[in-house]
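Peer 1: can't give you the sequence, but here's the structure:
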């Protein structure tokens, strides 16, 4: 979870920096659309990974938890 958080914060900071370099409103809109699309894909994958991990933990014998 910490790794995912660090990754997401890093990507958000890169996005903010790219916004500062944008030359016009159209570029801002494109950067935003690309960022949202990429973040939705990333969050979907992260959610699937966390769910799989949680399922493994839930089904592990109690001595392994």
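Peer 2: In hand now; what should we look at? Here the structure is a predicted model, which means the values were calculated and not measured.

Peer 1: so what pLDDT did residue 65 get?
Peer 2: Confidence at residue 65, expressed as pLDDT, is 55.

Peer 1: check contacts around residue 28.
Peer 2: Applying C-beta atoms under 8 Å, 6 or more residues apart in numbering to residue 28 gives the contacts 19, 22. Every residue, glycine included, has its C-beta placed from N, CA and C.

Peer 1: any idea how far it is from residue 17?
Peer 2: From residue 28 over to residue 17 the distance is 13 Å, taken as C-beta to C-beta, to the nearest Å.

Peer 1: before we move on, what about residue 30?
Peer 2: 15 Å.

Peer 1: tell me which of these two has more neighbours.
Peer 2: residue 30 (12 against 9; other C-beta atoms under 10 Å).

Peer 1: and the more buried one, backbone torsions?
Peer 2: Here is the backbone geometry of residue 30 (degrees, to the nearest 10): phi -70, psi -50.
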